[in-house]
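# let's see this in three dimensions:
(chains A and B)
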Number of protein chains: 2
Amino acid sequence: MTRKEFTADDILALEQRYRANFINSLGGFKSLALIGTLSATGQSNLAPFNSFFHVGANPPLFGFIVRPDSVERHTLNNILETNVFTVNHVHESFFKAAHQASARYPQNVSEFDAVGLKEEYIPKHHAPFVAESHIKIGARLCEKTDIKLNETILIVAAITYVSIPADIVMADGFVDIEKAGTITCAGLDSYHTTRRIARLSYAKTGSTPGEI
Amino acid sequence: MTRKEFTADDILALEQRYRANFINSLGGFKSLALIGTLSATGQSNLAPFNSFFHVGANPPLFGFIVRPDSVERHTLNNILETNVFTVNHVHESFFKAAHQASARYPQNVSEFDAVGLKEEYIPKHHAPFVAESHIKIGARLCEKTDIKLNETILIVAAITYVSIPADIVMADGFVDIEKAGTITCAGLDSYHTTRRIARLSYAKTGSTPGEI
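Residues are numbered from 1 along each chain as shown, chains lettered A, B, ... in the order given. This is a model prediction of the structure:
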């Protein structure tokens, strides 16, 4: 198999759009979810994010990155204004709508309307969920950290609400997101379904992991 | 479809191990890679991570989270000592070995030896790559930020080297990681292959995204 090598200088010399595709692909498969927000004045907003990562289970925390010069700034402004937002998993049935929500709509346009997804509200949570999503998470802003290297922003948030199909929660707390139809993405624009190979038992020295 | 709801109090009341499984599942599918390091005294180390996220393409930056109280501390110590590490994609052919590398081996044991993966070195890069991995990335530490909420650490690093099969790099820079056999994971222990639905064209207002 022929291999190709890129040094740091090779990478910096790549054409800008080529480099964006290339570097975005290298991190492996990514989470994909739609973040729903509502401005203080009642304007709803929806945007796809693929940089979610687990920060901790107790308290339940996750993080994601926001680029303030992109369409993500409406999401960021609303989160900073209201402190709350929603995280909604994406399924094959509406992956094109999720992708389209990344277009640069003006601030007074709701991406829910523009891409054809339905807002859903619950009591005591200011931000809209995506009705079509099987896994819906309510979140509250906890910490905002500037990444000085390139002026992106790290948001760390707490999970304050979860709504999921009852039959995907296993006896040990594992949520079978594949059964729920959650999809994954790669690079900037590639969408994928999954097929489980196995779950493995907790790894210990002196034994080999078994399938569970 | 019966649904199940969890409030913030419900989540905090969950049994610890149940909550770890539950919260780790909610973020969607995740990147999965093995980080290779070499201590200043020449002890190699390998550990799986699933919290990689894209930070920027110019300069090429990514981030990940380290829990200092876990097996990840050997990785962290080596990165802080030497500034460099490697990121290696995982394939179905060695996913059990990758999982096993998360066991708590003592500092003087190399997980490469313990789980049966081969160290590979290139000139001018202190840290070992995983020979069996089709996609290998060399990285240099750029920024270390403490997440005060739960004492985890955010590492931001620059991509300084990439080695990939020539036939998975598309004309527009997209790297077909599915073709390379990269797998994804969910929760703490679930491993998945993928099947592409489609790549979609750049989203613009006033048009619908096409498949590319």
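# residues in contact with the residue nearest to A:H125 when sequence neighbours are not counted?
Distances taken as C-beta to C-beta, 6 or more residues apart in numbering or on different chains put A:G138 closest to A:H125, at 5.0 Å, once the chain neighbours are dropped. Using the backbone N, CA and C atoms, a C-beta is placed for each residue, glycine as well. Applying C-beta atoms under 8 Å, 6 or more residues apart in numbering or on different chains to A:G138 gives the contacts A:V84, A:T86, A:I122, A:H125, A:A127, A:F129, A:I159, A:T160, A:Y161, A:V162.
# for the second one, pull up the helix or strand it's in.
Okay, so that is A:T86. Following DSSP states H and E, one finds A:T86 within strand A:84-89.
# from the contact counts, what lies against the strand ranked longest in chain A?
Among the segments of chain A that qualify as a strand by DSSP state E, the longest is strand A:152-165. Judged by 3 or more C-beta pairs under 8 Å, 6 or more residues apart in numbering or on different chains; DSSP states H and E, the packing partners of strand A:152-165 are strand A:60-66, helix A:72-82, strand A:136-147, strand B:3-7, helix B:8-12, helix B:16-26.
# the longest one: partners in the sheet, and parallel or antiparallel?
The reference is to strand A:136-147. strand A:84-89 (antiparallel), strand A:152-165 (antiparallel) (DSSP bridges).
# that one to helix B:16-26, inter-axis angle?
Between strand A:136-147 and helix B:16-26, the angle comes out at 80 degrees (axes from the mean of the first three to the mean of the last three C-alpha atoms, to 10 degrees).
# how many degrees apart are strand A:136-147 and strand A:60-66 in direction?
Orientation check (the same axes, to 10 degrees): strand A:136-147 against strand A:60-66 gives 60 degrees.
# what's the answer for the second one, then?
Calculated by the same axes, to 10 degrees, helix A:72-82 forms an angle of 140 degrees with strand A:60-66.
# helices and strands around helix A:72-82, which ones?
Applying 3+ C-beta pairs under 8 Å, 6+ apart, one finds that helix A:72-82 contacts strand A:33-38, strand A:44-49, strand A:60-66, strand A:84-89, strand A:136-147, strand A:152-165.
# quick one: closest of these to B:A114.
Nearest to B:A114 among the helices and strands packed on helix A:72-82 is strand A:60-66; the distance by C-beta to C-beta comes to 30.7 Å.
# for the closest one, packing partners?
Secondary-structure packing of strand A:60-66 (3+ C-beta pairs under 8 Å, 6+ apart): strand A:53-57, helix A:72-82, strand A:136-147, strand A:152-165, helix B:16-26, strand B:53-57.
# tabulate these (CSV), appending distance to B:A101.
Shown next, in CSV, are those (distance: least, C-beta to C-beta, whole Å):
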stretch, distance to B:A101
strand A:53-57, 18
helix A:72-82, 34
strand A:136-147, 28
strand A:152-165, 27
helix B:16-26, 18
strand B:53-57, 21
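# what's the closest of these to B:Y105?
When these are compared by C-beta to C-beta, helix B:16-26 sits nearest B:Y105, at 21.2 Å.
# just how off-centre is that closest one within its chain?
Computed by C-alpha atoms, centre = their mean, to the nearest Å, the chain-centroid distance of helix B:16-26 equals 19 Å.
# relative to strand A:33-38, how tilted is that helix?
Using the same axes, to 10 degrees, helix B:16-26 lies at 90 degrees relative to strand A:33-38.
# hang on, the earlier thing: put together JSON lines for the helices and strands packed on strand A:60-66, with mean pLDDT and distance to A:R104 on each row.
Output for those, formatted as JSON lines (pLDDT from 0 to 100; distance: least, C-beta to C-beta, whole Å):
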{"stretch": "strand A:53-57", "mean pLDDT": "95", "distance to A:R104": "26"}
{"stretch": "helix A:72-82", "mean pLDDT": "93", "distance to A:R104": "10"}
{"stretch": "strand A:136-147", "mean pLDDT": "96", "distance to A:R104": "23"}
{"stretch": "strand A:152-165", "mean pLDDT": "97", "distance to A:R104": "18"}
{"stretch": "helix B:16-26", "mean pLDDT": "97", "distance to A:R104": "29"}
{"stretch": "strand B:53-57", "mean pLDDT": "95", "distance to A:R104": "19"}
